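Model the structure of this input:
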Amino acid sequence: MKADIIPFDSQYAEETVTMWRKSKEQAIGQREIHSVESHLYFLNHILPKQCQIDLALVDGKVAGMAAYNETEISQLYIHVDYQGLGIGQMLLDKAKANSSGRLTLYTFEVNRNAQRFYEKNGFVVIGRGHENEENLPDIQYEWRMT
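Numbering: from 1, shown residues only. Coordinates of the predicted model:
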């Protein structure tokens, strides 16, 4: 599927948060613990200080988002209607291209689709735990450029 990858623009904030929340809720089977307002504040004011944020747009609609820096992928979510169509791959490839040659990330243990996706893309498990607000077991992955 063809998607345009653009830097985050606050005009897409509400649409991005709606997509992010639905995607995460589907992935972990649990409602988002933060309010929409809190999530919007995080996206607009906190996350941009720590990460590059990219959006994937399909026909002008937010189909995915990734937040990353040179060493870590903080967030990568794909709209539930666009999963499995290559949009996550496009966002991940951009994060890899802008990395220091090594990336780490966390995903929830219940999110089997994410595990398959990351493992297919060369990520290996380097840790397990549950150091997250959702108090769910998670997996830490690492990718190194070869």
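
Pull up the gap between Arg128 and Tyr118, please.
14 Å (CB to CB, to the nearest Å). The way it works is simple: take the backbone N, C-alpha and C, and place the C-beta from them, glycine included.

who has more neighbours, the two?
Tyr118 (24 against 11; other CB atoms under 10 Å).

in the longest helix seen in the chain, what's buried?
Counting residues, the longest helix found in the chain (DSSP state H) is helix 13-28. Neighbour counts over helix 13-28 (16 or more other CB atoms under 10 Å) mark 13, 15-17, 19-21, 23-24, 27-28 as buried.

again, but for stretch 49-56
Of all the residues in stretch 49-56, those buried under the rule 16+ other CB under 10 Å are 51-56.

separation between the residue most central in space within the chain and Glu37?
Centroid-nearest residue in the chain, with CA atoms, centre = their mean: Leu76, separated by 0.9 Å. Look at Leu76 and Glu37: by CB to CB, they are 23 Å apart.

ditto for Ile139
In terms of CB to CB, Ile139 sits 30 Å off from Glu37.

again, but for Thr146
The gap separating Thr146 from Glu37 is 43 Å, by CB to CB.

what do you get for Glu142?
34 Å.

Looking at the two now, which is surrounded by more residues?
Glu142 (17 against 9).

ok so that one is a helix residue?
No: assessed with DSSP: H, G, I helix; E, B strand; the rest coil, Glu142 is strand; it does not lie in a helix.

For it, name its beta-bridge partners.
Counting by DSSP bridges, Glu142 is bridged to Thr104, Val124.

what residues are up against it?
Contacts for Glu142 (CB atoms under 8 Å, 6 or more residues apart in numbering) come out as 102-104, 123-124, 126.

Great, nothing more from me.
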